[in-house]
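give the three-dimensional model of this entry:
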Amino acid sequence: MVSSNILQRTFRIKYENKEGTCFTIDQDGRQYVITSGHLINGISDSNPISIFHEKKWKEVPIKLVGFANTPVDIAVLALSFQLSPSHPLATTTGAGIYLSQDVYFLGFPFGLHIEVGPDLNRDFPLPLVKKGIVSGFIFDQDGFTTLLLDGHINPGFSGGPVVYIDHDTGELNVAGVIAGYHYEWQNVYYKNQGTSLRFMENTGIILGYSIRYAIRLIKTNPIGFLL
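From the prediction side, this is the model:
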């Protein structure tokens, strides 16, 4: 079950003309904001992001912790205040997650969200939750780098967390960050005749990068808000 431990840590984000999802983790007594690098490409400390709150966008100044190296699509930000409650939330570098594991991913597809008012989530909207399974991994010498998930996402899920329940501990864990989906180019037909047009077909294979890249950035530049 997806609990408030991650629901209240997940936010709708905008930078320039790009919208998506971000979430918080706490590391070494500090809070950080994790999202996809492509959503905030080119950002610096002088550029605010916008977070959806009280049914409107609000600008928030940031400090850039860092971007993961290409092709890993992860960025980490630090704010000057505590954005979310510090609910217990573990992060994993590989232990406890396995092939065919049930996972959940959270985000704001096409800006869709759940308004719950000030009492349940301080007037922040809640994200949509979808479920999938781990279809595969891409590994390096330190563990998995990429999660391949059986599921279906839409624009707006980028930057959202991939979470699962560890069967040994019963704890909710963050495994990775949604980057997008694997696509294949398909031809467009009109009256059974091929045209010169093509479209990007969503194959239903989601790409997510390991949360360890975010932890690595944090360890290198530990400037998050002190809790």
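
distance check, the residue positioned nearest the centre of the chain against Phe225.
Centroid check for the chain by CA atoms, centre = their mean gives Gly160 as the closest residue, at 2.0 Å. Counting by CB to CB, to the nearest Å, the gap from Gly160 to Phe225 is 21 Å. Glycine gets a C-beta too; all of them are placed from N, C-alpha and C.

sorry, back to before: the residue nearest to the centre of the chain contacts Ile178, correct?
Yes: judged on CB atoms under 8 Å, Gly160 makes contact with Ile178 at a distance of 4.6 Å.

any regions of the chain where pLDDT drops low?
In the predicted model, the chain carries pLDDT under 70 at residues 93-95.

name the residues of the longest helix anywhere in it that are buried.
Taking DSSP state H as the criterion, the chain has its longest helix at helix 212-220. Residues of helix 212-220 classed as buried by neighbour count (16 or more other CB atoms under 10 Å): 212-218.

ok, then the element right after it?
strand 225-226 (DSSP states H and E).

show me what counts as buried in stretch 53-72.
Applying a neighbour-count criterion of 16+ other CB under 10 Å, one finds 53, 60, 62, 64-68, 72 buried in stretch 53-72.

tell me which of those is nearest to Leu128?
Distance to Leu128, by CB to CB, is smallest for His53 among these, at 17.4 Å.

might one say that the closest one is in contact with Asp123?
Yes: in this structure His53 lies within contact range of Asp123 using CB under 8 Å: 6.1 Å.

where along this protein do the helices fall?
4-7, 117-121, 212-220.
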